[in-house]
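1. Got a sequence here, can you model it:
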Amino acid sequence: MKFFLKILIGFTYYNLFRWTSKKNIVFLFHEISDKPSKYQKKNSLCLSKNNFIKLINYIEEYFHIRDKKKIAITFDDGFLGNFKFAIPYLIKKKIFSISFLNFYPIDLKKPNIDSKIDYFISTKKLKKNLRFKFNEQTIPKNFNQNAKITKYQGKIVSKKTLKKYSKNKFVFYANHLYDHYCVKNLSNKVLKENILKNKRKLSKYKCSLDFFAFPYGNLGEDFTYNQFKLTQKLVKGNIYMSDDKKKFYENKIINRISLTEKDINKYIFWFRVLKFNLSNRGPTFE
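-> Next comes the predicted model:
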C-alpha cells in the first residue's frame, strides 16, 4: 500500500508540479554492475546497467545534467563497475561526473574499512552494533583476511584506470577521506590527516577537484556540525552530504539524492525528488 501511495504522489507531482522542482539537484550512485558483490547487494549500493540508464533518462528529461559548473552525477567509493560501464556511458552522452574516492583501498589494494567491518559482522566476529561506530582501532590485527573481504566487497578502481579517465574532459575526481570511516567516530586530528592525505593523492590527477563528500553523508548520525566546520577549513570547494531528511542551509554544502534499485519506477523517482525538495529548500549550489 505504501509503495502504491508513493507512486500516486510521484505521478501527481510529475504530471502537475514538476516545474516547481529545482533543476540543479545532485544525484549519487555507488556501483553500476550486473554482477554486484554481496556487500553491494546487502547495503543497496548497486544498480544494474539497464536501470542506471533508465534513471539517467529520468534525470536528463528535466534536470540540468550537462553544466560543468553544477555537475549533477556523482559516484562514491570508487567501485570498478562505474569505470567499466557508467562513466564511459556518460562520456558518450557528454555528461559530466564526479567520482569521490578513498585512496586507501586503491593504494594498498585492500578492502576499505567499512566492508571489513561489515564482513566481520556478517561472519559474527564483531557485534552488529559496531556497524557505524567503528574507528581506526576497531579491527583487531588478527582479522586480516583481505582476499576474502575484497571478494565480498567488490573490486575497486585501479590507478591505471584512474589515469586513463583523468584525461577525459567529462570526468572529475574528488575527496571521500583516505579510508571510508564514519567521520563522527574520528578525532579532529585523524579526520584532518585523512582529508589531507587523500587530497595529496588526488593532486596527482589533473581532473581532481578540491571538493569533499562525507562518507555515509547523514548530518548528526555520520558527522557533526563541528566536523563540517573543520572540513570547511581544509577544503576550498564544495562539500557534499546525502541526507534527504534534514535541512542544512550552510554555505558550501550540497545535498544529494542517493539512488538505488528501489527508485527505478519513474514515479517513485519523482516521489524521491519531491521529498528531497520539501526537506532542502536552501541553496543547492553556491
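2. Identify the residue spatially nearest to residue 267, adjacent ones excluded.
-> Sequence neighbours aside, residue 10 is the residue nearest to residue 267 in space, at 3.3 Å (criterion: CB to CB, 6 or more residues apart in numbering). Every C-beta, even on glycine, is put in place using the N, C-alpha and C of the backbone.
3. Can you tell me what sits against the helix or strand harbouring the one you found?
-> According to DSSP states H and E, residue 10 maps onto helix 2-12. Residues outside helix 2-12 that contact it (CB atoms under 8 Å, 6 or more residues apart in numbering): 265, 266, 267, 268, 269, 270, 271, 272, 274.
4. hang on, the third one in a helix?
-> Right, residue 267. Yes - secondary structure of residue 267 (DSSP: H, G, I helix; E, B strand; the rest coil): part of a helix.
5. Can you give me the distance of it to residue 217?
-> Counting by CB to CB, to the nearest Å, the gap from residue 267 to residue 217 is 25 Å.
6. Tell me, how many residues neighbour the residue nearest to residue 267?
-> Residue crowding around residue 10 was assessed by other CB atoms under 10 Å; the count is 22.
7. same thing with residue 85?
-> Residue 85, neighbours per other CB under 10 Å, totals 17.
8. repeat for residue 67
-> Burial of residue 67 is recorded as 13 neighbouring residues (other CB under 10 Å).
9. pLDDT score assigned to it?
-> Reading off the confidence values, residue 67 has pLDDT 88.
10. Can you classify it by secondary structure?
-> Applying three-state DSSP: residue 67 is coil.
11. Correct me if wrong: it contacts residue 23.
-> No - with contact defined as CB atoms under 8 Å, residue 67 does not reach residue 23; the gap is 9.5 Å.
12. follow-up on the earlier one: just give me the closest of the contacts of helix 2-12 to residue 174.
-> Nearest to residue 174 among the contacts of helix 2-12 is residue 272, at 23.4 Å by CB to CB.
13. No further queries at this time; thank you.
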